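A.B. asks: sharing a sequence plus its predicted fold:
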Amino acid sequence: MKILVTRQIPNKGPDLLKSNGYDVFVNLEDRVIKKAELIGYLERDRYDAVLCLLTDKIDSDIFDAAKESGVKIFANFAVGTDNIDIKAAERVGIIVTNTPGVLADTVAEHAFALMLSLAHRIPESDRFTRAGKFKGWEPMLLLGSDVSKKALGIVGLGRIGSRVAYHARRGFDMPVIYHDIRRSEEFEKEYGAEYRQNVDDIFRGADFVSIHVPLLVSTRHLVDARRLRLMKKTAYLVNTSRGPVVDEQALVEVLRERVIRGAALDVFENEPALAPGLAELENVILTPHVASATEDTRQAMSELAARNIIEALEGRIPPNLVKH
(Lines give C-alpha, C1' and ligand atoms only; values in the text may rest on other atoms or scores of the structure.)
Protein backbone atom coordinates (compact mmCIF):
# COMPACT_ATOMS: atom_id res chain seq x y z
CA MET A 1 0.00 0.00 0.00
CA LYS A 2 1.19 3.51 -0.82
CA ILE A 3 0.92 6.66 1.32
CA LEU A 4 1.22 10.24 0.05
CA VAL A 5 2.50 12.82 2.58
CA THR A 6 1.87 16.31 1.20
CA ARG A 7 4.84 18.00 2.91
CA GLN A 8 7.79 16.95 5.03
CA ILE A 9 6.80 16.43 8.66
CA PRO A 10 8.65 15.12 11.74
CA ASN A 11 9.94 11.65 11.00
CA LYS A 12 8.09 9.58 13.61
CA GLY A 13 4.94 9.12 11.53
CA PRO A 14 6.55 8.33 8.17
CA ASP A 15 9.02 5.99 9.89
CA LEU A 16 6.17 4.17 11.61
CA LEU A 17 4.37 3.73 8.30
CA LYS A 18 7.53 2.39 6.65
CA SER A 19 8.18 -0.02 9.52
CA ASN A 20 4.67 -1.40 8.99
CA GLY A 21 5.46 -2.17 5.37
CA TYR A 22 3.88 0.83 3.66
CA ASP A 23 5.46 2.61 0.70
CA VAL A 24 5.66 6.26 1.77
CA PHE A 25 6.09 9.10 -0.73
CA VAL A 26 6.81 12.49 0.86
CA ASN A 27 6.64 15.74 -1.07
CA LEU A 28 9.97 17.18 0.08
CA GLU A 29 9.43 20.70 -1.26
CA ASP A 30 9.17 22.98 1.76
CA ARG A 31 6.01 24.78 0.75
CA VAL A 32 2.25 24.31 0.63
CA ILE A 33 1.28 21.95 -2.15
CA LYS A 34 -1.02 23.48 -4.77
CA LYS A 35 -4.40 21.95 -5.48
CA ALA A 36 -3.48 21.08 -9.07
CA GLU A 37 -0.26 19.42 -7.89
CA LEU A 38 -2.06 17.25 -5.37
CA ILE A 39 -4.63 16.20 -7.95
CA GLY A 40 -1.75 15.48 -10.33
CA TYR A 41 -0.13 13.14 -7.82
CA LEU A 42 -3.44 11.30 -7.33
CA GLU A 43 -4.05 10.99 -11.07
CA ARG A 44 -0.54 9.74 -11.91
CA ASP A 45 -0.32 7.04 -9.27
CA ARG A 46 -2.47 4.95 -6.98
CA TYR A 47 -2.47 5.86 -3.28
CA ASP A 48 -4.24 4.21 -0.37
CA ALA A 49 -3.93 7.14 2.04
CA VAL A 50 -3.01 10.82 2.13
CA LEU A 51 -1.41 12.46 5.15
CA CYS A 52 -2.28 16.13 4.70
CA LEU A 53 -1.65 19.38 6.58
CA LEU A 54 -3.92 22.17 7.78
CA THR A 55 -2.56 24.37 4.96
CA ASP A 56 -3.89 21.91 2.37
CA LYS A 57 -7.39 22.85 1.23
CA ILE A 58 -9.01 19.49 0.57
CA ASP A 59 -12.21 20.04 -1.43
CA SER A 60 -14.60 17.97 -3.54
CA ASP A 61 -12.33 18.07 -6.62
CA ILE A 62 -9.50 16.53 -4.64
CA PHE A 63 -11.79 13.92 -3.09
CA ASP A 64 -13.07 12.93 -6.54
CA ALA A 65 -9.48 12.41 -7.73
CA ALA A 66 -8.64 10.59 -4.50
CA LYS A 67 -11.57 8.23 -4.95
CA GLU A 68 -10.35 7.33 -8.44
CA SER A 69 -6.84 6.82 -7.06
CA GLY A 70 -8.09 4.41 -4.40
CA VAL A 71 -7.54 6.61 -1.35
CA LYS A 72 -9.35 5.36 1.74
CA ILE A 73 -8.30 7.98 4.29
CA PHE A 74 -7.09 11.58 4.58
CA ALA A 75 -5.23 11.90 7.89
CA ASN A 76 -5.01 15.57 8.82
CA PHE A 77 -1.85 16.66 10.66
CA ALA A 78 -3.88 19.05 12.85
CA VAL A 79 -6.71 19.15 15.36
CA GLY A 80 -8.95 21.41 13.31
CA THR A 81 -10.45 20.15 10.06
CA ASP A 82 -11.75 23.46 8.68
CA ASN A 83 -9.39 22.89 5.73
CA ILE A 84 -11.30 19.75 4.70
CA ASP A 85 -14.74 19.43 3.13
CA ILE A 86 -16.04 16.66 5.40
CA LYS A 87 -19.33 16.39 3.49
CA ALA A 88 -17.44 15.78 0.25
CA ALA A 89 -15.35 13.10 1.96
CA GLU A 90 -18.45 11.32 3.22
CA ARG A 91 -20.05 11.55 -0.23
CA VAL A 92 -17.22 9.53 -1.78
CA GLY A 93 -16.73 7.28 1.24
CA ILE A 94 -13.28 8.50 2.29
CA ILE A 95 -12.38 8.60 6.00
CA VAL A 96 -11.02 11.81 7.57
CA THR A 97 -9.07 11.87 10.83
CA ASN A 98 -7.30 14.50 12.93
CA THR A 99 -4.73 14.65 15.75
CA PRO A 100 -6.44 15.86 18.94
CA GLY A 101 -5.17 15.56 22.49
CA VAL A 102 -1.43 15.31 21.87
CA LEU A 103 -0.99 19.06 21.45
CA ALA A 104 -3.32 20.35 24.20
CA ASP A 105 -0.62 20.93 26.81
CA THR A 106 1.73 22.59 24.36
CA VAL A 107 -0.86 25.00 22.94
CA ALA A 108 -2.10 25.82 26.44
CA GLU A 109 1.48 26.62 27.49
CA HIS A 110 1.85 28.93 24.50
CA ALA A 111 -1.43 30.69 25.26
CA PHE A 112 -0.33 31.25 28.83
CA ALA A 113 3.11 32.40 27.71
CA LEU A 114 1.40 34.98 25.53
CA MET A 115 -0.66 36.17 28.51
CA LEU A 116 2.42 36.59 30.66
CA SER A 117 4.33 38.27 27.84
CA LEU A 118 1.51 40.74 27.28
CA ALA A 119 1.05 41.58 30.92
CA HIS A 120 4.77 42.00 31.64
CA ARG A 121 5.48 43.67 28.28
CA ILE A 122 8.29 41.22 27.57
CA PRO A 123 8.58 41.72 23.77
CA GLU A 124 8.51 45.51 24.22
CA SER A 125 11.16 45.29 26.91
CA ASP A 126 13.34 43.10 24.72
CA ARG A 127 13.09 45.53 21.79
CA PHE A 128 13.77 48.47 24.12
CA THR A 129 16.91 46.86 25.53
CA ARG A 130 18.28 45.67 22.17
CA ALA A 131 17.82 49.19 20.77
CA GLY A 132 20.20 50.55 23.41
CA LYS A 133 17.51 52.57 25.16
CA PHE A 134 18.10 51.04 28.61
CA LYS A 135 20.01 53.62 30.66
CA GLY A 136 19.33 52.20 34.11
CA TRP A 137 16.48 51.31 36.44
CA GLU A 138 13.51 53.70 36.38
CA PRO A 139 10.43 53.60 38.61
CA MET A 140 8.00 54.21 35.72
CA LEU A 141 9.75 52.24 32.98
CA LEU A 142 7.55 49.85 30.97
CA LEU A 143 4.96 49.30 33.68
CA GLY A 144 2.87 46.21 33.01
CA SER A 145 0.05 44.32 34.69
CA ASP A 146 -0.16 41.54 37.24
CA VAL A 147 -1.54 38.18 36.16
CA SER A 148 -2.07 36.55 39.55
CA LYS A 149 -5.61 36.85 40.89
CA LYS A 150 -6.89 38.52 37.69
CA ALA A 151 -10.00 37.05 36.06
CA LEU A 152 -9.46 34.69 33.14
CA GLY A 153 -12.22 34.26 30.59
CA ILE A 154 -12.18 31.06 28.52
CA VAL A 155 -14.21 30.94 25.31
CA GLY A 156 -14.39 27.29 24.28
CA LEU A 157 -13.82 24.69 26.98
CA GLY A 158 -12.15 21.91 25.04
CA ARG A 159 -8.91 20.15 25.95
CA ILE A 160 -6.80 23.27 25.39
CA GLY A 161 -9.12 25.71 27.13
CA SER A 162 -9.30 23.39 30.12
CA ARG A 163 -5.51 23.23 30.37
CA VAL A 164 -5.20 27.02 30.19
CA ALA A 165 -7.68 27.18 33.07
CA TYR A 166 -5.59 24.63 34.98
CA HIS A 167 -2.45 26.77 34.74
CA ALA A 168 -4.39 29.90 35.60
CA ARG A 169 -6.13 28.49 38.65
CA ARG A 170 -3.41 26.24 40.05
CA GLY A 171 -0.41 28.41 39.26
CA PHE A 172 -1.69 31.98 39.43
CA ASP A 173 -4.80 31.83 41.59
CA MET A 174 -6.89 33.36 38.82
CA PRO A 175 -10.68 33.16 39.05
CA VAL A 176 -12.01 31.52 35.90
CA ILE A 177 -15.20 32.27 33.99
CA TYR A 178 -16.02 30.34 30.84
CA HIS A 179 -18.43 29.96 27.95
CA ASP A 180 -19.03 26.82 25.93
CA ILE A 181 -21.91 25.20 24.08
CA ARG A 182 -22.00 22.69 26.93
CA ARG A 183 -21.78 23.50 30.61
CA SER A 184 -19.40 21.37 32.72
CA GLU A 185 -20.32 21.16 36.39
CA GLU A 186 -17.32 18.87 36.91
CA PHE A 187 -14.98 21.57 35.58
CA GLU A 188 -16.68 24.20 37.75
CA LYS A 189 -16.25 22.08 40.85
CA GLU A 190 -12.59 21.28 40.15
CA TYR A 191 -11.51 24.84 39.40
CA GLY A 192 -14.12 26.94 41.16
CA ALA A 193 -15.04 28.22 37.69
CA GLU A 194 -18.24 30.05 36.80
CA TYR A 195 -20.27 29.44 33.65
CA ARG A 196 -21.55 32.27 31.48
CA GLN A 197 -24.34 31.32 29.10
CA ASN A 198 -23.97 34.58 27.20
CA VAL A 199 -20.50 34.88 25.67
CA ASP A 200 -20.75 38.67 25.97
CA ASP A 201 -20.40 38.29 29.72
CA ILE A 202 -16.92 36.79 29.24
CA PHE A 203 -15.78 39.88 27.36
CA ARG A 204 -17.31 42.21 29.93
CA GLY A 205 -15.98 40.45 33.00
CA ALA A 206 -12.52 39.06 32.26
CA ASP A 207 -9.11 40.67 32.55
CA PHE A 208 -7.72 38.13 30.08
CA VAL A 209 -9.87 36.52 27.36
CA SER A 210 -8.43 33.36 25.79
CA ILE A 211 -10.10 31.95 22.67
CA HIS A 212 -10.28 28.17 22.11
CA VAL A 213 -13.12 27.47 19.68
CA PRO A 214 -13.00 25.60 16.35
CA LEU A 215 -13.61 27.54 13.15
CA LEU A 216 -17.26 27.03 12.20
CA VAL A 217 -19.83 29.20 10.45
CA SER A 218 -21.09 30.14 13.92
CA THR A 219 -17.64 31.12 15.25
CA ARG A 220 -16.35 33.18 12.30
CA HIS A 221 -15.86 36.73 13.65
CA LEU A 222 -17.14 35.59 17.03
CA VAL A 223 -14.76 38.24 18.36
CA ASP A 224 -16.06 41.27 16.49
CA ALA A 225 -15.93 45.03 17.04
CA ARG A 226 -18.95 44.99 19.35
CA ARG A 227 -17.55 42.33 21.66
CA LEU A 228 -14.08 43.86 21.69
CA ARG A 229 -15.63 47.11 22.85
CA LEU A 230 -17.34 45.29 25.72
CA MET A 231 -13.93 44.51 27.22
CA LYS A 232 -12.31 46.42 30.05
CA LYS A 233 -9.84 49.08 29.03
CA THR A 234 -7.22 47.15 31.04
CA ALA A 235 -8.05 43.77 29.47
CA TYR A 236 -6.10 41.56 27.06
CA LEU A 237 -7.19 39.19 24.26
CA VAL A 238 -5.32 35.99 23.32
CA ASN A 239 -6.18 33.85 20.29
CA THR A 240 -4.51 30.50 19.63
CA SER A 241 -7.51 28.84 17.93
CA ARG A 242 -8.17 29.90 14.31
CA GLY A 243 -7.57 33.33 12.80
CA PRO A 244 -11.02 34.04 11.30
CA VAL A 245 -12.61 33.70 14.77
CA VAL A 246 -11.35 37.27 15.34
CA ASP A 247 -12.29 40.21 13.11
CA GLU A 248 -8.69 41.27 12.67
CA GLN A 249 -9.37 44.73 11.25
CA ALA A 250 -11.72 45.47 14.15
CA LEU A 251 -8.98 44.36 16.53
CA VAL A 252 -6.51 46.75 14.87
CA GLU A 253 -8.91 49.60 15.49
CA VAL A 254 -9.53 48.86 19.17
CA LEU A 255 -5.81 48.39 19.80
CA ARG A 256 -4.99 51.61 17.98
CA GLU A 257 -7.61 53.47 20.01
CA ARG A 258 -6.46 51.78 23.26
CA VAL A 259 -9.97 50.46 23.85
CA ILE A 260 -8.24 47.41 25.37
CA ARG A 261 -4.73 47.19 26.71
CA GLY A 262 -3.35 44.56 24.39
CA ALA A 263 -3.72 41.38 22.38
CA ALA A 264 -1.68 38.36 21.31
CA LEU A 265 -2.32 36.32 18.18
CA ASP A 266 -0.78 33.05 17.06
CA VAL A 267 -3.25 32.70 14.17
CA PHE A 268 -4.49 35.19 11.60
CA GLU A 269 -7.59 35.80 9.56
CA ASN A 270 -5.88 35.57 6.17
CA GLU A 271 -2.70 33.66 6.94
CA PRO A 272 0.06 34.44 6.32
CA ALA A 273 -1.09 38.01 5.59
CA LEU A 274 -1.75 40.37 8.48
CA ALA A 275 -4.49 42.98 8.63
CA PRO A 276 -3.14 46.40 7.59
CA GLY A 277 -1.63 48.21 10.55
CA LEU A 278 -1.43 45.18 12.85
CA ALA A 279 2.33 44.73 12.70
CA GLU A 280 2.96 48.40 13.50
CA LEU A 281 1.18 48.29 16.86
CA GLU A 282 3.24 48.04 20.04
CA ASN A 283 0.39 46.62 22.13
CA VAL A 284 0.09 43.35 20.22
CA ILE A 285 2.24 40.20 20.19
CA LEU A 286 2.31 38.19 16.95
CA THR A 287 3.61 34.62 16.67
CA PRO A 288 3.56 32.68 13.37
CA HIS A 289 1.08 29.86 14.12
CA VAL A 290 3.59 28.04 16.32
CA ALA A 291 1.55 27.26 19.43
CA SER A 292 2.02 23.52 18.92
CA ALA A 293 5.58 23.86 17.65
CA THR A 294 7.65 21.81 20.03
CA GLU A 295 9.71 18.83 18.96
CA ASP A 296 7.82 16.44 21.24
CA THR A 297 4.37 17.59 20.18
CA ARG A 298 4.95 17.71 16.44
CA GLN A 299 6.47 14.22 16.61
CA ALA A 300 3.41 13.03 18.55
CA MET A 301 1.11 14.56 15.93
CA SER A 302 3.09 12.84 13.20
CA GLU A 303 2.82 9.49 14.96
CA LEU A 304 -0.90 9.88 15.64
CA ALA A 305 -1.64 10.74 12.01
CA ALA A 306 0.26 7.61 10.97
CA ARG A 307 -1.58 5.42 13.48
CA ASN A 308 -4.90 6.69 12.14
CA ILE A 309 -3.79 5.61 8.66
CA ILE A 310 -2.64 2.18 9.83
CA GLU A 311 -5.91 1.51 11.65
CA ALA A 312 -8.00 2.56 8.65
CA LEU A 313 -5.99 0.56 6.12
CA GLU A 314 -6.13 -2.52 8.32
CA GLY A 315 -9.91 -2.35 8.33
CA ARG A 316 -10.42 -0.93 11.81
CA ILE A 317 -12.05 2.33 12.86
CA PRO A 318 -9.26 4.87 13.46
CA PRO A 319 -9.24 6.46 16.92
CA ASN A 320 -9.64 10.01 15.64
CA LEU A 321 -12.37 9.66 13.04
CA VAL A 322 -13.98 12.99 12.10
CA LYS A 323 -17.64 13.09 11.13
CA HIS A 324 -19.74 15.90 9.74
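C.D. replies: Perfect, I can see it now. All figures in this text were calculated on a predicted structure; none of them were measured in a lab. Numbering: from 1, shown residues only.
A.B. asks: wait, residue 73 sits on residue 98?
C.D. replies: No: between residue 73 and residue 98 no contact is recorded; they are 11.6 Å apart, counting by Cβ atoms under 8 Å. For glycine as for every other residue, the C-beta is placed from the backbone atoms N, C-alpha and C.
A.B. asks: for the residue nearest to the spatial centre of the chain, what are its contacts?
C.D. replies: When the chain is reduced to its mean C-alpha position, the closest residue under Cα atoms, centre = their mean turns out to be residue 241, at 3.8 Å. Residues counted as contacts of residue 241 (Cβ atoms under 8 Å, 6 or more residues apart in numbering) are 156, 211, 212, 213, 214, 215, 267.
A.B. asks: go with 6 Å
C.D. replies: Contacts for residue 241 were tallied using Cβ atoms under 6 Å, 6 or more residues apart in numbering; they are 211, 212, 213.
A.B. asks: and the second one, how far from residue 162?
C.D. replies: Pointing back at residue 212 there. Taking Cβ to Cβ, to the nearest Å as the measure, residue 212 and residue 162 are separated by 9 Å.
A.B. asks: the last one now?
C.D. replies: If you measure residue 213 against residue 162 using Cβ to Cβ, the figure is 13 Å.
A.B. asks: can you work out which residues contact both of these two?
C.D. replies: When contacts are counted by Cβ under 6 Å, 6+ apart, the set common to residue 213 and residue 162 is empty.
A.B. asks: how about the helices in the stretch 201-324 of the chain?
C.D. replies: For the stretch 201-324 of the chain, the helices defined by DSSP state H, counting those that start in this stretch occupy 225-228, 248-256, 295-313.
A.B. asks: who touches the shortest one?
C.D. replies: This points to helix 225-228. Helix 225-228 has contacts (Cβ under 6 Å, 6+ apart) with 203, 250, 254.
A.B. asks: hang on, the first one packs against residue 229?
C.D. replies: Just to be clear, that refers to residue 203. No: counting by Cβ atoms under 6 Å, residue 203 stays clear of residue 229, with 8.7 Å between them.
A.B. asks: who's more crowded, the two?
C.D. replies: Legend: neighbour count by other Cβ atoms under 10 Å for residue 203 and residue 229, higher for residue 203 (24 against 14).
A.B. asks: so how many other residues sit close to the closest residue to the more buried one other than its chain neighbours?
C.D. replies: The shortest distance from residue 203 to any residue that is not its chain neighbour, by Cβ to Cβ, 6 or more residues apart in numbering, is 4.2 Å, and that residue is residue 230. Here the count is done by other Cβ under 10 Å, and residue 230 has 17 residues near it.
A.B. asks: is it true that residue 230 touches residue 204?
C.D. replies: Yes: between residue 230 and residue 204 there is a contact at 5.0 Å, judged by Cβ under 6 Å.
A.B. asks: contacts only, for residue 77.
C.D. replies: Residues touching residue 77, when contacts are defined by Cβ under 6 Å, 6+ apart, comprise 9, 53, 301, 305.
A.B. asks: which one is the first one nearest to, not counting chain neighbours?
C.D. replies: Counting by Cβ to Cβ, 6+ apart, residue 9 lies nearest to residue 302, which is 5.0 Å off, once chain neighbours are set aside.
A.B. asks: which residues sit in contact with the one you found?
C.D. replies: Contact criterion Cβ under 6 Å, 6+ apart gives 9, 10, 12, 13 as the residues in contact with residue 302.
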